[in-house]
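Colleague: no FASTA, just this:
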């Protein structure tokens, strides 16, 4: 993505309207033109323009490759034909998703939503996970794991957080679920909430550096310090990512559900009696000192409504959330400047909105009369802002100026990014 940004900058410097060509400086008109070379190579194609930002064919092709790779992992027995069919079916919404992302990030920035502190915090936690102090080594580690340069990874994280914050602020809070509806769902689906006795735990393991008594004592001291921090309210998952020596550190220390008989008896005797949120004292194991947190605990039998209320809300919330998000994105599309190249389809397009591709080379330039040129010069000398130039039906001096008409300069297509020169008034050529 960093290279993509560099590419975008170079694309905008050349053109914002179609296949981008490798070009040379403008020719000197005093020198006879030579035939254009036949080996001009298209280095990129712009597929869509969204409020001055672009989506390129390369980006869509890359997303298709990722999609095909994911489908192959999910279905290792796919034949090439099956993979192609499945990929084509899922990529129908690919351009829509790219436009969605741009619109949401743009709106979040417009509303001055900031997630910089959260991004910094997450990157710091990730670096703690990697146990790499040197920034360059850490950046290489991120690139190896994510397949993208560190700056792109960070920017993707920022955009994802901006999107989440915007949707929460502008969409989610408007969805209200009355208690009566939650109770009604519980009464009609009680069988879904019959529980086995189980407990959901998270862990932090502090392993001694060696088998020496000194290192064992140091590990125990560190474990007690972390336990105290967790009990004071620090997020257990953050502490696990930063300090745990267990493989579960990357998953915030989460162990998942355990039934009686899955754990050591001395641990079961503690966690199966504890309330949700309880943090244990450090316990000695063969690998070091372990601290456990009870994330959730279910007694055997029918769960009470109060215990499953949040679960019911999630069940009812998700089906309502997606239509509201799509409605919000449709409104963003209605208010946005969007152009899509022929042959590509936005499956989330706003009804009756024209997003057809406009080629600046087909737009007519503005013209004004010689009389208006002279008048404008006079106004500038007097410090008066001249009236905006408009198209006229005659270029003869003294011709009457009709009412202002819509021109390419007033159209959203003629944005500063479009590379079009039609946004400035062009005086008629002087009489010969």
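Modeller: Done, it's in. Remember, it's a predicted structure, so these values are computed and weren't measured experimentally.

Colleague: alpha carbons only for contacts and neighbour counts from here, please
Modeller: Noted.

Colleague: how many neighbours does the closest residue to residue 328 other than its chain neighbours have?
Modeller: Closest residue in space to residue 328, ignoring its immediate chain neighbours: residue 171 at 7.4 Å, by C-alpha to C-alpha, 6 or more residues apart in numbering. For residue 171, the count of nearby residues is 17 (other C-alpha atoms under 10 Å).

Colleague: who are the packing partners of the helix or strand encompassing residue 122?
Modeller: Secondary-structure assignment from DSSP states H and E places residue 122 in helix 116-130. On a contact count with 3 or more C-alpha pairs under 8 Å, 6 or more residues apart in numbering; DSSP states H and E, helix 116-130 meets helix 135-146, helix 150-170, helix 236-243.

Colleague: 7 Å - rerun?
Modeller: Judged by 3 or more C-alpha pairs under 7 Å, 6 or more residues apart in numbering; DSSP states H and E, helix 116-130 is in contact with helix 236-243.

Colleague: now the angle between helix 236-243 and the helix or strand that the helix it packs on is followed by, please.
Modeller: Downstream of helix 236-243, the first helix or strand assigned by DSSP H and E is strand 254-259. On the basis of axes from the mean of the first three to the mean of the last three C-alpha atoms, to 10 degrees, strand 254-259 is oriented at 120 degrees to helix 236-243.

Colleague: direction included, what does strand 254-259 pair against?
Modeller: strand 198-206 (antiparallel) (DSSP bridges).

Colleague: before we move on, the earlier item: against residue 248, how distant is the residue nearest to residue 328?
Modeller: From residue 171 across to residue 248, the span is 34 Å (C-alpha to C-alpha, to the nearest Å).

Colleague: count the neighbours of the closest residue to residue 302 other than its chain neighbours for me.
Modeller: Spatial nearest neighbour of residue 302, chain neighbours left out: residue 194 (4.4 Å); criterion: C-alpha to C-alpha, 6+ apart. Residue 194 has 15 neighbours, counted by other C-alpha under 10 Å.

Colleague: give me phi/psi at residue 194?
Modeller: phi -90, psi 120 (degrees, to the nearest 10).

Colleague: so it is in contact with residue 303, correct?
Modeller: Yes: using C-alpha atoms under 7 Å, residue 194 is in contact with residue 303, at 5.9 Å.

Colleague: what about the residue nearest to residue 185 when sequence neighbours are not counted, which SS state?
Modeller: Once flanking residues are discounted, residue 185 sits nearest to residue 312: 7.5 Å by C-alpha to C-alpha, 6+ apart. Secondary structure, DSSP: H, G, I helix; E, B strand; the rest coil: residue 312 is helix.

Colleague: please shift the residue numbers so they start at 444 in all later answers.
Modeller: New numbering, starting at 444: the last item is residue 755.

Colleague: counting neighbours, what do you get for residue 755?
Modeller: Using other C-alpha under 10 Å: residue 755 sits among 18 other residues.

Colleague: pLDDT at it, what is it?
Modeller: With respect to pLDDT, residue 755 scores 91.

Colleague: ok, the one 5 residues further on next?
Modeller: The predicted structure scores residue 760 at 86 on the pLDDT scale.

Colleague: one more: residue 527?
Modeller: Residue-level confidence at residue 527 comes out at 87, pLDDT.

Colleague: do residue 863 as well
Modeller: Reported pLDDT for residue 863: 39.

Colleague: cool, and residue 805?
Modeller: Taking residue 805 on its own, its pLDDT is 58.

Colleague: next: residue 800.
Modeller: Predicted confidence (pLDDT) at residue 800: the value is 89.

Colleague: do the same with residue 450
Modeller: Reported pLDDT for residue 450: 36.

Colleague: over to residue 683?
Modeller: 91.

Colleague: and if you look at the one 5 residues further on?
Modeller: On the pLDDT scale, residue 688 is placed at 90.

Colleague: count of residues packed around it?
Modeller: 21.

Colleague: repeat for residue 583
Modeller: Neighbours of residue 583 under the rule other C-alpha under 10 Å: 15.

Colleague: other SSEs contacting the one helix or strand residue 533 maps to?
Modeller: Under the criterion of DSSP H and E, residue 533 resides in helix 523-533. Secondary-structure packing of helix 523-533 (3+ C-alpha pairs under 7 Å, 6+ apart): helix 500-517.

Colleague: residue 799 and residue 536, how far apart?
Modeller: According to C-alpha to C-alpha, residue 799 stands 18 Å off from residue 536.

Colleague: please parse this protein into its domains.
Modeller: Domain assignment for the chain by automatic domain parsing gives 640-742, 807-835+868-875.

Colleague: so which residues of the stretch 644-793 of the chain form helices?
Modeller: Listed in chain order, the helices of the stretch 644-793 of the chain (DSSP state H, counting those that start in this stretch) span 656-674, 679-686, 708-714, 748-778.

Colleague: between helix 656-674 and the second one, find me the angle.
Modeller: Interaxial angle of helix 679-686 relative to helix 656-674 (the same axes, to 10 degrees): 150 degrees.
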